[in-house]
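*Asks:* Here is a sequence with its predicted model. Questions after.
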Amino acid sequence: MPEPTEEKLSYRLITGPDTREFCERISNALAEGYVLHGSPAATFNGSSVIVAQAVILPAAVANADAAVASAVDKLENYEDEEAFEGHA
């Protein structure tokens, strides 16, 4: 679990054997404000099932979405269309 002064990562990939401890790690991340991102993945290493689950902070997604929207707005408002000649 991160220290109180440590900044949370926007994205985490939690991996490990498919055990109760793994599920507790995911539950703790959810309690810290993370949300599941995508489906879990599972593989077999010859002796046990290994699982992975990505989690993200919703604020990170909102910030990224806002940055993309801002970049699109700038492109749409760009007056020198010749700079984009030949590009779709």
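*Replies:* Yep, that arrived. Residues are numbered from 1 along each chain as shown.

*Asks:* What's the mean pLDDT across the longest strand seen in the chain?
*Replies:* Determined from DSSP state E, the single longest strand within the chain is strand 35-44. Strand 35-44 shows a mean pLDDT of 97.

*Asks:* Distance from the helix or strand following it to the middle of the chain?
*Replies:* The helix or strand immediately downstream of strand 35-44 is strand 49-56, counting by DSSP states H and E. Put simply, strand 49-56 sits 12 Å off its chain's centre (Cα atoms, centre = their mean, to the nearest Å).

*Asks:* in its sheet, what does strand 49-56 sit against?
*Replies:* Paired strands of strand 49-56, with direction, are strand 11-17 (antiparallel), strand 35-44 (antiparallel) (DSSP bridges).

*Asks:* low-scoring stretches of this structure, by residue?
*Replies:* 1-5, 64-65, 67, 78-88 (pLDDT under 70).

*Asks:* so can I have TSV of the strands paired with strand 49-56 showing distance to Arg25 and mean neighbour count?
*Replies:* C-beta coordinates here come from the backbone N, C-alpha and C atoms, glycine included. Below are these laid out as TSV (distance: least, Cβ to Cβ, whole Å; neighbours: other Cβ atoms under 10 Å):
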stretch	distance to Arg25	mean neighbour count
strand 11-17	5	14
strand 35-44	12	12
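
*Asks:* I'd like the ones you listed laid out as a markdown table, including distance to Lys74.
*Replies:* Listed next are the strands paired with strand 49-56 as a markdown table, based on distance: least, Cβ to Cβ, whole Å:
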| stretch | distance to Lys74 |
| --- | --- |
| strand 11-17 | 25 |
| strand 35-44 | 27 |
